[in-house]
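>>> give me a model of this one.
(chains A and B, ligands or ions: 1)
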Amino acid sequence: MTTLSRAETEALIAEVLEVYPEKAKKDRAKHLAVNDHSVEQSKKCITSNRKSLPGVMTIRGCAYAGSKGVVWGPIKDMVHISHGPVGCGQYSRAGRRNYYVGTTGVDSFGTMNFTSDFQEKDIVFGGDKKLSKLIEEVELLFPLARGISVQSECPIGLIGDDIEAVSKKAAAATGKPVIPVRCEGFRGVSQSLGHHIANDAIRDWVLDQRDGQEFAATPYDVAIIGDYNIGGDAWASRILLEEMGLRVVAQWSGDGTLAEMMNTPKVKLNLLHCYRSMNYISRHMEEKYGIPWMEYNFFGPTKIIESLRNIAAFFDDRIKEGAERVIARYQPMVDEITAKYKPRLAGKKVMLYVGGLRPRHVIGAYEDLGMEVIGTGYEFAHNDDYDRTMKEMGDATLLYDDVTGFELEEFVKRLKPDLVGSGIKEKYIFQKMGIPLRQMHSWDYSGPYHGYDGFAIFARDMDIALSNPVWSKLVPPWQQGVVAEAQKAA
Amino acid sequence: MANIMIRQAADGGLVFYLPKRDLEASVSSIEFDSPEKWGGELKLDNGGSYYIEPIARPPRLPISLRAKRLGAAED
Ligand code: SF4
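As a prediction, this is how the structure comes out:
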């Protein structure tokens, strides 16, 4: 638990970089920065969205992961075919915990893995025939699927299969949308390009399907964009919006449906939670349909209140009053949570390393509990994400982009946070070092963390992690004297 | 030539967006800004500059346009 000054943090970065060869050092130095509130544009102090260095341990995913895993996968009433070898889909199956309502295998398919299971002969002779056969089989076995998306894995682009042609034919034969997505894993530097490709596919194949059709609109129609309903997040958000008088027409894409996506161009306002993965489609809808979009943040009461008021500002007094009503109604609950957990958690220091929106969005929630975020970083952010992050983080705190396994370990060793928020790959490394870790991708099989209900769970989970008696038992009793002496000597 | 998008910023200014590179920047100056003639050279707050063929001021923003890069942002 140490707070470093600016000079000390800079020295720490330099020290950690010392082990790299000259060229790697130069490259990595651009991705590590000390937050400086006087810098307006993040690109002046941190570089992002660049290819990871060969040879280091990076924590990024691929474009297929960004499209199938993040954007398309949660659309529950469609069958998403992982087109290519079996592994890409199978090893990521249901890993993101996008909750949904429905009967899996009948009308919902979220946790199932559909794959064309490429073999050598498919690579040699092409897999188009196999794909059309697969689509026929899907149609036969799962007649209630509303559509199919073909998520390309690496080999598809390499062998030059024409999935667009197959999809068109299959769509004509089945009368349902069949959407080819060119999200081969080798495209781009991280999953981020996969989000973009997935957004473009939605734009080209889905969004305009109901243009000009009748729609019973109300002035209070909104869409939740970029909430993946991890552990029920979107539900905990949706009830707040509905309580203030809005009508949520669509949820993208957690617990979402194809029909909801097609109806989204009819809404009055797009509410964007994960900016990184879905800003593209929001920008498109703003241009084509004139739908404004705004970013909001439902982590922790301070940000929730701020967001509810900002959302209400787009609407009339009825909604504004509704927002105040919601805020007032949940205030006693917030007070109770903070009264219970703040004394236990106040002053604790946290380091984060996640993706998407969380490295900045959850800062407020920690601060509501009296905790402090002393370092944060993204796997696959772009400069616009860091622009937004620098305002949220304290001055002279540490920022790390696409951090390597080595760097993160060294930073944690030196900064000694009380808690690390990252993923499964980091969890056991840090826990063996004696530092509690909460997985901030999957909420460590808990959640939701969005909304007021989520905040209660968030606070409890952080307390569970920190107050676990195991952390005082890391040194066995027969070594306790030895360790104490060694520490005294050091 | 690159596809770009110009948006209205919340503070009344213009925002430049280059989808290909996911680059977002404020427009610090626009050469022509009258109802009949709008566009020309755009100077961005990140140091870059782009040229868009002058057109009548678009009735609604955002708008996607083709732009030529004049000076790259230092990066
Ligand atoms: S990089 Fe290619 S092979 Fe690897 S998981 Fe992604 S799509 Fe599959």
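>>> what comes into contact with the lengthiest strand in chain B?
If each strand of chain B is counted by residues according to DSSP state E, the longest one is strand B:23-33. The contact list for strand B:23-33, computed with CB atoms under 8 Å, 6 or more residues apart in numbering or on different chains, reads A:383-384, A:387, B:6, B:9, B:13-18, B:38-46, B:48, B:54, B:57, B:73. C-betas here are computed from N, CA, C, even on glycine.
>>> could I get the pLDDT score of the residue most central in space within chain A?
Closest residue to the average C-alpha location of chain A: residue A:356 at 4.3 Å, with CA atoms, centre = their mean. For residue A:356, the pLDDT comes out at 88.
>>> I'd say it and residue A:277 touch.
Yes: in terms of CB atoms under 8 Å, residue A:356 counts as a neighbour of residue A:277; the distance is 6.1 Å.
>>> now do the strand or helix carrying residue A:194, average pLDDT.
In this structure, residue A:194 sits in helix A:191-205 according to DSSP states H and E. What helix A:191-205 shows for mean pLDDT is 95.
>>> residue A:318 versus residue A:369, what's the distance?
Residue A:369 sits 33 Å away from residue A:318, going by CB to CB, to the nearest Å.
>>> sorry, back to before: in the longest strand of chain B, what counts as buried?
For strand B:23-33, the neighbour count (16 or more other CB atoms under 10 Å in any protein chain shown) marks B:23-27, B:30 as buried.
>>> make a markdown table out of those and add distance to the ligand and pLDDT.
Output for those, formatted as a markdown table (distance: CB to the nearest ligand atom, whole Å; pLDDT from 0 to 100):
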| residue | distance to the ligand | pLDDT |
| --- | --- | --- |
| B:23 | 25 | 81 |
| B:24 | 27 | 83 |
| B:25 | 31 | 85 |
| B:26 | 36 | 87 |
| B:27 | 37 | 90 |
| B:30 | 42 | 90 |
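>>> beta partners for residue A:437?
Beta bridges link residue A:437 to residue A:420 when assigned by DSSP bridges.
>>> wouldn't it be in contact with residue A:420 here?
Yes: contact criterion CB under 8 Å: residue A:437 and residue A:420 qualify, at 4.6 Å.
>>> shared neighbours, those two?
A:426, A:430.
>>> neighbour-wise, which of these two wins?
For residue A:437 versus residue A:420, the count of surrounding residues by other CB atoms under 10 Å in any protein chain shown is larger for residue A:420: 28 against 23.
>>> next helix or strand past the longest strand of chain B?
strand B:38-44.
>>> for the ligand, give me its nearest residue in chain B.
residue B:22 (20.5 Å; CB to the nearest ligand atom).
>>> which regions of chain A lie under the pLDDT threshold?
Counting by pLDDT under 70, chain A has low-confidence residues at A:1-3, A:490.
>>> sorry, that was for chain B
B:72-75.
>>> redo that, cut-off 90
For chain B, applying pLDDT under 90 flags the ranges B:1-2, B:8-13, B:18-26, B:28-29, B:33-36, B:44-48, B:56-61, B:69-75.
>>> neighbours of residue B:14, how many?
Neighbours of residue B:14 (other CB under 10 Å): 19.
>>> need the phi and psi values for it.
With angles defined as degrees, to the nearest 10, residue B:14 sits at phi -110, psi 150.
>>> what bridges to the nearest residue to it once chain neighbours are set aside?
Nearest non-adjacent residue to residue B:14, counting by CB to CB, 6 or more residues apart in numbering or on different chains: residue B:27, 4.0 Å away. For residue B:27, the beta-bridge partners under DSSP bridges are residue B:14, residue B:44.
>>> about what we covered before: residue A:369 and residue A:318: who's more crowded?
Counted by other CB under 10 Å, residue A:369 and residue A:318 do not tie: residue A:369 has more neighbours, with 23 against 13.
>>> how many residues are close by the spatially closest residue to that one that is not a sequence neighbour?
Nearest non-adjacent residue to residue A:369, counting by CB to CB, 6+ apart: residue A:345, 4.7 Å away. Using other CB under 10 Å, residue A:345 is surrounded by 22 other residues.
>>> also residue A:379?
Neighbour tally, residue A:379, other CB under 10 Å: 23.
>>> ok, it - contacts?
Residue A:379 neighbours (CB under 8 Å, 6+ apart): A:58-61, A:190-191, A:353-355, A:402.
>>> tell me the two of these that are most distant?
Largest separation among the contacts of residue A:379 by CB to CB: A:191 and A:353, giving 15.0 Å.
>>> which residue of these two possesses the greater neighbour count?
With neighbours defined as other CB under 10 Å, residue A:191 and residue A:353 compare such that residue A:191 has more, 28 against 25.
>>> for residue A:305, see how far away the closest residue to the more buried one other than its chain neighbours is.
Leaving out its chain neighbours, the residue that sits closest to residue A:191 by CB to CB, 6+ apart is residue A:66, at 3.3 Å. Noted for residue A:66: a distance of 32 Å to residue A:305, by CB to CB.
>>> ok, the two, which is more surrounded?
Using other CB under 10 Å as the criterion, residue A:66 and residue A:305 rank with residue A:66 on top: 30 against 18.
>>> which ones are touching the residue most central in space within chain B?
The centre of chain B sits closest to residue B:16, judged by CA atoms, centre = their mean, with a distance of 4.7 Å. The contact partners of residue B:16, by CB under 8 Å, 6+ apart, come to B:4-6, B:23-27, B:42, B:44, B:50.
>>> pretty sure the residue nearest to residue A:369 contacts residue A:368?
No: in this structure, residue A:345 is not within contact of residue A:368 by CB under 8 Å, at 9.9 Å.
>>> number of residues surrounding residue A:451?
25.
>>> now swap in residue A:311 and tell me
Quick note: residue A:311 (other CB under 10 Å) scores 21 neighbours.
>>> cool, and residue B:22?
Under the neighbour criterion other CB under 10 Å, residue B:22 is assigned a count of 20.
>>> if I pick it, what's in contact with it?
A:49, A:192, A:196, A:382-384.
>>> wait, doesn't the residue nearest to residue A:191 sit right on residue A:195?
Yes: the pair residue A:66 / residue A:195 is scored as a contact, 4.6 Å apart, by CB under 8 Å.
>>> shared neighbours, the two?
Joint contacts of residue A:66 and residue A:195 (CB under 8 Å, 6+ apart) are residue A:277.
>>> part of a helix, is the residue nearest to the centre of chain B?
No: remark: residue B:16 does not belong to a helix; assigned using DSSP: H, G, I helix; E, B strand; the rest coil, it is strand.
>>> let's verify the nearest residue to residue A:467 once chain neighbours are set aside: helix, strand, or coil?
Ranked by CB to CB, 6+ apart and with sequence neighbours excluded, the top spatial neighbour of residue A:467 is residue A:344, at 6.6 Å. At residue A:344, secondary structure determined by three-state DSSP is helix.
>>> of all of the stretch 151-300 of chain A, which residue lies closest to the ligand?
Counting by CB to the nearest ligand atom, the stretch 151-300 of chain A gets nearest the ligand through residue A:185, at 2.5 Å.
>>> and that residue, how far from chain B?
19 Å (CB to the nearest CB, to the nearest Å).
>>> give the contact list for that residue.
Applying CB under 8 Å, 6+ apart, the residues near residue A:185 are A:62-65, A:88, A:153-154.
>>> what's the answer for residue A:232, then?
For residue A:232, the contact set (CB under 8 Å, 6+ apart) comprises A:99, A:447-448.
>>> tally of neighbours for residue 46?
Going with chain A. Using other CB under 10 Å, residue A:46 has 25 neighbouring residues.
>>> hmm, I had chain B in mind actually
By other CB under 10 Å, 21 other residues sit near residue B:46.
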